[in-house]
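Student: sharing a sequence plus its predicted fold:
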Amino acid sequence: MNLSVIPSDHIDELIEKSMLYRYSRKFLRELKEYKKTNDSEALHQLRVYSRRLLATFDFFSTNIPAEIKEKGYKKIKQFHNALNLTRDSHVQIKFFKRLCKDNIEYKSVCSEIIHFIRKQDIKHKKELVNTFKRISKSHILFEILQFSKQKQNKTYKQLSPSNIKIFGSYCAKMVRPLLTKFNNNSRNFPDSEMQEELHKCRLLVKKIRYNLEILKPFFHSLNKYFKIILEFQTKLGEIQDCNICMAYLDKFELHLSKEKIKYSNEEHDKYFEKLNKIKALRISERKNSHQQLIRINKKITLADIEKNLLNIFTVKSKQ
C-alpha cells in the first residue's frame with residue numbers, strides 16, 4: 001500500500017498538513033538564532049525540529065522530490081547526529097551546576113567534572129561547527145521551504161472517503177512495525193539495568209512520537225495516545241540521561257586515577273567518596289524514573305496501545 005493512487009492535489013494536502021512548511025521555517029529561524037547567540041535552547045529546538053523534518057521525509061518519502069529528499073535528509077541527519085552529542089554534554093553540565101548550587105560540599109568536584117566534560121566535548125563541538133557550516137551554506141533548507149510553501153498556497157479539498165481509507169491503510173502500514181517493536185522491547189521495562197535495551201526502546205518511542213505528531217491533524221482521537229507515548233519518551237529519556245551521567249563519571253574516575261600524583265591521598269579519597277555519592281544519587285534518580293515508567297505501563301499496556309492506535313486508522317478509514 002502506498003499513496004501513489006491518491007490524486008496529487010490530495011497528496012499535497014497531506015504533506016501541507018504534516019507541517020513541513022512550519023518545520024522547515026522554524027528550523028531556519030532557530031539556525032539563525034543559534035548562529036547569533038550560541039544559545040543552548042536554540043540548539044535544543046534545532047534538535048527537535050531536525051527530528052520532525054526527518055520524520056516527515058520518512059513518512060512521505062515517495063511524495064517529496066527525490067533531490068530535495070536525498071540532499072535534505074542527508075544534511076539534516078548529519079547535523080542531528082552532531083547535535084545529539086553536544087546535547088548530552090549540555091544536559092550533564094546543567095545537572096552538575098545545579099548539584100553544586102544545591103550542595104556546596106560538591107562544589108569543587110563538580111567544577112572539575114564540568115571542566116572534564118567540556119574538554120571531552122571539544123571533538124563533538126568541532127563536528128557540530130563543521131556540520132553547522134555545511135548546512136548553513138547549503139541551499140537545501142530554502143528548497144524545502146519553497147517546496148512546502150508552494151503547497152501552502154494551494155486550495156485544498158477534503159480528502160474523499162476512498163482516499164481517507166487509502167491513507168488510513170498507509171498509516172497503519174507505516175506505524176505498525178514501530179509499535180510492534182516497541183511492544184516486544186517493553187519486556188525489558190522491568191529491569192532498569194538493561195541499558196542498551198531501554199535505549200532501543202527510547203529510540204523507537206521517539207520515532208512513534210514524531211509519526212503520531214504528523215498524523216494528529218488527520219486523526220484527532222490520536223491525542224490521548226500521543227500523550228501516553230510522550231510519557232514513555234520522557235521517562236526513558238530521564239533514564240538515559242542518568243546512564244550517560246554514569247558513563248561520564250566512570251571516565252572522570254579513570255582520569256582521576258591517572259592524575260593521582262596531583263592530589264594528596266586524603267584529597268584523592270575525598271574525591272572518590274563524593275563521586276560515589278553522586279553515582280548513588282543518579283542511581284536513585286534512575287530507579288525513580290524507572291518505577292514511574294513501570295506505573296505508566298501498568299495503566300495501559302503497550303499491546304493495548306498498539307491495538308487501539310491501529311484501530312483508529314481502520315475506523316477512520318471506514319468513515
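Tutor: In hand now; what should we look at? Numbers count the residues shown, from 1 in each chain.
Student: only C-alpha atoms for contact and neighbour calcs from this point on.
Tutor: Noted.
Student: okay, buried residues for the one helix or strand residue 34 maps to please.
Tutor: With secondary structure defined by DSSP states H and E, residue 34 is part of helix 20-37. Buried positions in helix 20-37, judged by neighbour count with 16 or more other CA atoms under 10 Å: 20-28, 30-31, 33-34.
Student: quick one: contacts of it?
Tutor: By CA atoms under 8 Å, 6 or more residues apart in numbering, the surrounding residues in contact with helix 20-37 are 39-40, 42-43, 45-46, 49-50, 52-53, 56, 136, 141, 144-145, 148-149, 152.
Student: swap the cut-off to 10 Å and go again
Tutor: Helix 20-37 is contacted from outside by 14-16, 19, 38-53, 55-57, 132-133, 135-136, 141-152, 214, using CA atoms under 10 Å, 6 or more residues apart in numbering.
Student: so where do the strands sit in the stretch 1-150 of the chain?
Tutor: In the stretch 1-150 of the chain, no strands are found when defined by DSSP state E, counting those that start in this stretch.
Student: returning to that earlier point: and the two most separated of the buried residues of helix 20-37?
Tutor: Greatest spatial distance among the buried residues of helix 20-37 (CA to CA): 20 and 34, at 20.9 Å.
Student: list the contacts for residue 204?
Tutor: Contacts of residue 204 by CA under 10 Å, 6+ apart are 178-183, 185, 198, 233.
Student: average pLDDT for the helix or strand where it lies, rounded please.
Tutor: Applying DSSP H and E as the criterion places residue 204 in helix 195-215. Helix 195-215 comes out with an average pLDDT of 89.
Student: could you do stretch 149-158 as well?
Tutor: Averaged over stretch 149-158, pLDDT sits at 60.
Student: helix, strand, or coil at residue 278?
Tutor: helix (DSSP: H, G, I helix; E, B strand; the rest coil).
Student: how close does it sit to residue 150?
Tutor: Using CA to CA, to the nearest Å, residue 278 is found at 53 Å from residue 150.
Student: which one's more surrounded, those two?
Tutor: residue 278 (19 against 12; other CA atoms under 10 Å).
Student: I'd assumed residue 249 was in contact with the more buried one.
Tutor: Yes. Shown here, residue 278 and residue 249 form a contact pair, counting by CA atoms under 10 Å, at 8.7 Å.
Student: show me what counts as buried in the helix holding residue 204.
Tutor: By neighbour count on 16+ other CA under 10 Å, the buried set for helix 195-215 is 197-199, 201-202, 204-215.
Student: gap between it and the chain center?
Tutor: 8 Å (CA atoms, centre = their mean, to the nearest Å).
Student: so that helix versus helix 20-37, what angle?
Tutor: Taking axes from the mean of the first three to the mean of the last three CA atoms, to 10 degrees, one finds helix 195-215 and helix 20-37 inclined to each other by 120 degrees.
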